[in-house]
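>>> prediction below, plus the sequence it came from.
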Amino acid sequence: LAVTSRMSEISQLEKKADYAISEKDFIAAATAWGALAERAPRVGKYQHMLSYSLIGAGELDGAAAAIEKQLALGFQTGTGLYNLACVRSLEGNTEEAVSYLADSVLHGFNNYKLMKEDPDLTNIRDTKVFAKVYQTLLDRDRVRAEANLAMDFEDWDQAVALYGQVVGFENGQKNAKGSS
């Protein structure tokens, strides 16, 4: 009975948190996600959503702490690093922001539309490093699409060569920070 009650409580908190996010009530969302993160500190999703809510509420120190917990749990590393780039950009720490942004791409972040339009990254969008990171992301996705096409046509040698390039992007051999 106690387990059922706890699961019901968690389910209600999740619904409350999701609703608050949908209404862009980031303070209420942070309160709900924070309660969930306290009850289940090893659930990466809760740390991730807490950090997202705290960024929306302007609580950047708390957001950074939640992201660090998310990263320690290994939950969506690329997205966590992207969000850390957002936090550092909002703080005006452009050097750290572009570094985290580059690391996010190397850890699989691939939403170039968000990267190009996210108001949290306004402080770094005109930097040379941002342009290099953005181009690396586009290049990686282009090569991945070419590799997938080679697979479709059963051109195995070409597919292996192209996937090797994708792995190179993801392992930092095509470094988004500007060196190789």
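Alright, I've got the coordinates.

>>> where does pLDDT dip in this structure?
Applying pLDDT under 70 to the chain picks out residues 1, 169-180.

>>> do that again at 90, thanks
Regions of the chain meeting the criterion pLDDT under 90 cover residues 1-9, 106, 108, 110, 112, 136-144, 158-159, 161-180.

>>> and the longest helix for it?
In the chain, taking DSSP state H as the definition, the longest helix is helix 128-152.

>>> just checking, what packs against whatever helix or strand comes next after that one?
Moving toward the C-terminus from helix 128-152, the next helix or strand (DSSP states H and E) is helix 156-170. Helices and strands touching helix 156-170, by 3 or more C-beta pairs under 8 Å, 6 or more residues apart in numbering; DSSP states H and E, are helix 128-152. (Each C-beta comes from the backbone N, C-alpha and C, glycine too.)

>>> by contact count, what packs against the longest helix of the chain?
helix 94-106, helix 112-117, helix 156-170.

>>> roughly how far out does the last one sit from the chain middle?
To tie it back to what came earlier, the one meant is helix 156-170. Mean-position distance between helix 156-170 and its chain equals 24 Å (C-alpha atoms, centre = their mean, to the nearest Å).
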